[in-house]
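Chemist: Sequence first, predicted model second:
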Amino acid sequence: MENSSVIVSFVLAAYGNTGELKYLYFSIILLWYLSICVANAVLIVVIHVDRRLHEPMYILLCNLCVNEINVSTSLYPLLLSQMFSDSHEVTLPWCFLQMCFMYTSAPAEFCSLAAMAYDRYIAICHPLHYDVIMNTERVFVMILLVWTYSVLVFILSFSFIFSLKFCANIIDNVYCDHQLMIKLSCSVSVHSYVADIFFAMMSVFIPFSLISLSYMKILSVCQKTSKENKQKAVTTCTPQIVSVSNLFVGCIFYFTDFRILVTHVPDEIRIILPMYLVICQPMLTPFMYGFNFPKIIQSCKRFLFNRK
């Protein structure tokens, strides 16, 4: 392990020995992963098939569901494969691949919510110009910008990791966390800490600021409108507010873990908290956004049960 050139794989040490419980854990994780994929896939298919849902809000929701499947797939297959592994080894290329998907999905999540918040801002604050501003072409440009921005944030933040030389290969986690991998490198420079702050700013705080700005303007307009319009605005905006709040809490868990020395927190909690976003958010999205809207509920009934 002293020679960095022999490091071709990492050991995910957080799995430990679960004994016979691994079958129970495997079943729970598999069921949860399949539920996430099915719930989000149903929304994607329903929105694609039903032309009445080819509106900016639902197209942006469809993009968000794609990202939920993407981030879940970056974690759960590895978790499932490692449940029955004795060595808990993961190859270096696979570790890098997992990081690419996970840390591209994070800014994509926030940027997608920022795009949806902007859509609600235009719909509520500029209803007469909504069809002109939020036309189909512009919506697809926004989606393209979301993914381009997310990929660029990942490349600018973590591309230096691919050239690191590692002097150890024990990762105290159940997935390839970039901070833990940096700690295993033979030389840790200040660039790694700068990259961490840059990633947090670009993937969380800038999109969160844009989301907050959109809702502040919506709130300002709602103060001057009728009670009925206020209720309608609250109904359409509540899912996003809940989702963004949940994301922000999850980000606090993630960015404080392994960066702050916490000795009184049990290892199991310390390992699960950084995965809070990947565990909860992909399942929260389809139920908070999709199955909460009457038009989507009706479309799902027609699609799944052939009801009118």
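Modeler: Yep, it's here.

Chemist: The least confident helix or strand in the chain by mean pLDDT: which residues count as buried?
Modeler: Lowest by mean pLDDT, DSSP states H and E among the helices and strands of the chain is helix 267-272, with a mean of 72. By neighbour count on 16 or more other CB atoms under 10 Å, the buried set for helix 267-272 is 270-271. In this view, the C-beta of every residue, glycine as well, is placed from N, C-alpha and C.

Chemist: And stretch 11-20, by the same measure?
Modeler: Neighbour-count burial for stretch 11-20 flags 12, 14-15 (criterion: 16+ other CB under 10 Å).

Chemist: Check stretch 148-167 too.
Modeler: Buried residues in stretch 148-167, counted by 16+ other CB under 10 Å: 149-150, 153-154, 157-158, 161, 164, 166.

Chemist: Same question for stretch 75-92.
Modeler: Of all the residues in stretch 75-92, those buried under the rule 16+ other CB under 10 Å are 75-76, 78-79, 82-83, 88, 90, 92.

Chemist: what sits up against that stretch?
Modeler: With contact meaning CB atoms under 8 Å, 6 or more residues apart in numbering, stretch 75-92 is reached by 7-13, 15, 18, 22, 25-26, 29-30, 32-33, 36, 94, 98, 102, 174-176, 275, 278.

Chemist: Need the buried residues of stretch 11-20 in CSV (columns: distance to residue 236 and secondary structure).
Modeler: Putting those into CSV (distance: CB to CB, whole Å; DSSP: H, G, I helix; E, B strand; the rest coil) gives the following:
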residue, distance to residue 236, secondary structure
12, 42, strand
14, 41, coil
15, 43, coil
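
Chemist: all helices for the stretch 201-308 of the chain, in order.
Modeler: Taking DSSP state H, counting those that start in this stretch, the helices of the stretch 201-308 of the chain run over residues 206-222, 227-256, 267-272, 276-285, 294-305.

Chemist: Send over stretch 83-90 as PDB, restricted to the C-alpha atoms.
Modeler: What follows is stretch 83-90, C-alpha atoms only, in PDB (Å, rounded to 0.1, in the frame of the first residue of the first chain):
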ATOM      1  CA  MET A  83     -24.100  -6.700   0.200                       C
ATOM      2  CA  PHE A  84     -22.800 -10.200  -0.800                       C
ATOM      3  CA  SER A  85     -19.200  -9.300  -1.300                       C
ATOM      4  CA  ASP A  86     -16.600 -10.500   1.200                       C
ATOM      5  CA  SER A  87     -13.900  -8.000   0.200                       C
ATOM      6  CA  HIS A  88     -16.100  -5.000  -0.500                       C
ATOM      7  CA  GLU A  89     -13.600  -3.900  -3.200                       C
ATOM      8  CA  VAL A  90     -14.500  -1.500  -6.000                       C
END
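
Chemist: Please state the offset of it from the chain centre?
Modeler: Relative to the centre of its chain, stretch 83-90 is centred 25 Å away, using CA atoms, centre = their mean, to the nearest Å.

Chemist: again with stretch 207-217
Modeler: Taking CA atoms, centre = their mean, the mean C-alpha location of stretch 207-217 is offset from the chain mean by 19 Å.

Chemist: for the stretch 201-308 of the chain, which spans come out with low pLDDT?
Modeler: Applying pLDDT under 70 to the stretch 201-308 of the chain picks out residues 229-230, 232, 257-267, 290-292, 306-308.
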